[in-house]
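Novice: 3D model of this:
(2 chains)
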Number of protein chains: 2
Amino acid sequence: MIARSGLALTAVVGPGDDAAVLSLAGGLLVASTDLLVEGRHFRRDWAGPKDIGHRAAAANLADIAAMGGLPTGLLVGLALPGELPMAWVDDLYEGLREECQQFGAAVIGGDIVESQTLTIAVTALGDMKGARPVTRDGALAGHRVAVAGRLGYAAAGLAVLGRGFRSPGSVVAAYRRPEVPYLAGPQAAALAASAMCDISDGLLRDAGTLAVASGARIVLDAAMFPIPDVLRDVGSAMSVDPLSWIFTGGDDHALLACFPPHVDLPAPWRMVGWVEDGAGVAVAGLPEEGRELAGSGFAHWG
Amino acid sequence: MIARSGLALTAVVGPGDDAAVLSLAGGLLVASTDLLVEGRHFRRDWAGPKDIGHRAAAANLADIAAMGGLPTGLLVGLALPGELPMAWVDDLYEGLREECQQFGAAVIGGDIVESQTLTIAVTALGDMKGARPVTRDGALAGHRVAVAGRLGYAAAGLAVLGRGFRSPGSVVAAYRRPEVPYLAGPQAAALAASAMCDISDGLLRDAGTLAVASGARIVLDAAMFPIPDVLRDVGSAMSVDPLSWIFTGGDDHALLACFPPHVDLPAPWRMVGWVEDGAGVAVAGLPEEGRELAGSGFAHWG
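Specialist: You can find the predicted model right below:
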């Protein structure tokens, strides 16, 4: 927490959470920044420029939602190789703009420079709309753990693309254009969520970060993760347990939040576990052959 | 101008000016983003990591000041080659932080990723403090043109470094750590400046951008640019007319503004010319041998 008196614009949440929150004359502004580097965060042969624009915007706007803020503006810095066609850049911008327009936000600024490495720097700004920012450190024993948005779809899509396939289209599309439940963020803040983050590194890892920040133990109930048919089919075709995509896949940018026990969870929120005293992340109710998955979660976060 | 009703946070100045301005519950937030790529915007052999941090922050914070805003927060995205020592990164951050601390701002967020090209993405946020944003398009015939901050020092430092020298120290230091007149930005807004921008591409070019945006002609009076001894000495040693550094050098991040004729200009603002009906940029009072310089300004902006 960085708090500086004597300035109307004060950082009330600084580095270490999903986004920075700034107080401005009584209002609260949310700001977050992400860098995407070609070959590491996207590949031009796996997604077109419009899709890459959607993904770049979504990854960053999700951080705003994960604080409980409504995303409102995007600043975009582009470092482009000289030989990149301008049409590619135009389509990238169109994807960025379209992702923003879903909820009335806009690309409000940017910078373009030349670089041998195609790099997209995105800064999202958002408005807390009078709500209290939902940080990662407020989960208490007895609270419910819930998720909004899809899990495992983008990871399945990435696995499909990685093997040179382009179908099934639904998981490939999920990787190319994540469907972020943006409004579920402000909704959770209004429902007095005690902790929240976006799921960008995989559910186990992000739940682990939240557990560490809150000084509590998060238990996920495997029975509360019904496996969608498409993930079961792709998993079967690729000999991959679809639960591993659900528990460890990023890129869907679903939201993870904890709520006091008295809160009735409206859609799109669905309960997936609970908070206990203790530390780390546990997965309850896994069948025998799934223990290894939970074990890696324990090993990493226990 | 992007104005969207129905949102508390509204972009009142979008792309195309120095920075984006966002209205938040009555307050006005300023946001700007810049990308700096190694080899193009900085060189590790010409400046240490702390200096590069100062420069990266200054380049972006100057955009906030150039709107009339007080810079308040910085978000920093770093794309780093794997072999870069952590101590280098720590020093870079220290430079970024120190530049912010001059006026009570702070680094409030960021992202670190790996990339083969060292890239620094900086987003600055600022507060209009109740003032009206000063855009580039308000200069009117009869207004005075003024500058705050140094001109030509960083260009002279760059020229020295480019020839493999490290002295005189004052111009090398000016390149490594520009002294941006941050408070002159809000001061100009309070003095009802009609147009303002920071000088990052050189005085002639940036005055040209301002002239085009305002639909007016800017005349700079060569007699109002006394040549500092150190620039005269370096120029003499390198057979370069120091006026070319003053008129075409970037990197000092001085501020250029126009003021109504009745405004008495307090320090650090100093008058350098005036606004006329017409187009382009002219330099008045150049000696015969300096015409070529003004000519290139005309050619580019006439």
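
Novice: just the CA trace of stretch A:121-137, in PDB.
Specialist: Extracted in PDB, the C-alpha atoms of stretch A:121-137 (Å, rounded to 0.1, in the frame of the first residue of the first chain):
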ATOM      1  CA  ALA A 121       2.700  -3.000 -24.400                       C
ATOM      2  CA  VAL A 122      -0.800  -2.500 -23.100                       C
ATOM      3  CA  THR A 123      -1.800  -0.300 -20.200                       C
ATOM      4  CA  ALA A 124      -5.500  -0.500 -19.100                       C
ATOM      5  CA  LEU A 125      -7.300   2.100 -17.000                       C
ATOM      6  CA  GLY A 126     -10.500   1.600 -15.200                       C
ATOM      7  CA  ASP A 127     -13.000   3.100 -12.800                       C
ATOM      8  CA  MET A 128     -13.900   1.600  -9.400                       C
ATOM      9  CA  LYS A 129     -17.300   3.300  -9.700                       C
ATOM     10  CA  GLY A 130     -17.500   4.000  -6.000                       C
ATOM     11  CA  ALA A 131     -16.700   0.400  -5.000                       C
ATOM     12  CA  ARG A 132     -13.800  -0.700  -2.800                       C
ATOM     13  CA  PRO A 133     -10.900  -2.300  -4.700                       C
ATOM     14  CA  VAL A 134     -10.800  -6.100  -4.200                       C
ATOM     15  CA  THR A 135      -7.200  -7.100  -3.500                       C
ATOM     16  CA  ARG A 136      -5.800 -10.600  -3.100                       C
ATOM     17  CA  ASP A 137      -5.200 -10.500   0.600                       C
END
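
Novice: may I see the buried residues of that stretch?
Specialist: For stretch A:121-137, the neighbour count (16 or more other C-beta atoms under 10 Å in any protein chain shown) marks A:121-129, A:131-136 as buried. C-beta here means a position set from N, CA and C on the backbone, and glycine is covered the same way.

Novice: how is chain A divided into domains?
Specialist: Domain ranges of chain A: A:9-127, A:144-301, per automatic domain parsing.

Novice: centre of the chain to the shortest one, how far?
Specialist: Averaging C-alpha positions (C-alpha atoms, centre = their mean, to the nearest Å) puts domain A:9-127 13 Å from its chain's average.

Novice: again with the longest one
Specialist: A distance of 10 Å separates the centroid of the chain from that of domain A:144-301, by C-alpha atoms, centre = their mean.

Novice: what residue ranges in chain A score low on pLDDT?
Specialist: A:1-27, A:287-302 (pLDDT under 70).

Novice: please, which helix or strand holds the nearest residue to residue A:98 once chain neighbours are set aside?
Specialist: In this structure, residue A:98 finds its nearest non-sequential neighbour in residue A:54, 6.6 Å apart by C-beta to C-beta, 6 or more residues apart in numbering or on different chains. Assigned by DSSP states H and E, residue A:54 belongs to helix A:49-65.

Novice: next secondary structure after that helix?
Specialist: Counting by DSSP H and E, what follows helix A:49-65 is strand A:70-80.

Novice: and that following strand, which strands flank it?
Specialist: If you go by DSSP bridges, strand A:70-80 pairs up with strand A:106-114 (parallel), strand A:119-127 (antiparallel).

Novice: out of the ones you listed, which comes closest to residue B:226?
Specialist: strand A:106-114 (33.7 Å; C-beta to C-beta).

Novice: tell me the contacts of residue A:148?
Specialist: A:181, A:184, A:187, A:188, A:254, A:255, A:257, A:268, A:269, A:270 (C-beta atoms under 8 Å, 6 or more residues apart in numbering or on different chains).

Novice: recalculate using a threshold of 10 Å.
Specialist: By C-beta atoms under 10 Å, 6 or more residues apart in numbering or on different chains, residue A:148 lies in contact with A:65, A:180-185, A:187-188, A:196, A:198-199, A:254-257, A:265-270.

Novice: would you map the helices across the stretch 101-250 of chain A?
Specialist: In the stretch 101-250 of chain A, the helices defined using DSSP state H, counting those that start in this stretch lie at A:153-162, A:169-176, A:184-190, A:203-214, A:229-238, A:242-248.

Novice: what residues sit buried inside the third one?
Specialist: The reference is to helix A:184-190. A:184, A:185, A:186, A:187, A:188, A:189.

Novice: now the two most distant members of the buried residues of stretch A:121-137.
Specialist: A:121 and A:132 (28.9 Å).

Novice: out of the contacts of residue A:148, which are buried?
Specialist: Buried residues within the contacts of residue A:148, counting neighbours by 16+ other C-beta under 10 Å: A:65, A:180-182, A:184-185, A:187-188, A:196, A:198-199, A:254-257, A:265, A:268-269.

Novice: in strands, which of those fall?
Specialist: If you go by DSSP state E, those have A:196, A:198, A:199, A:254, A:255, A:256, A:257 in strands.

Novice: let me know the distance separating residue A:53 from residue A:241.
Specialist: Note on residue A:53: its distance to residue A:241, by C-beta to C-beta, to the nearest Å, is 32 Å.

Novice: now residue A:94
Specialist: 37 Å.
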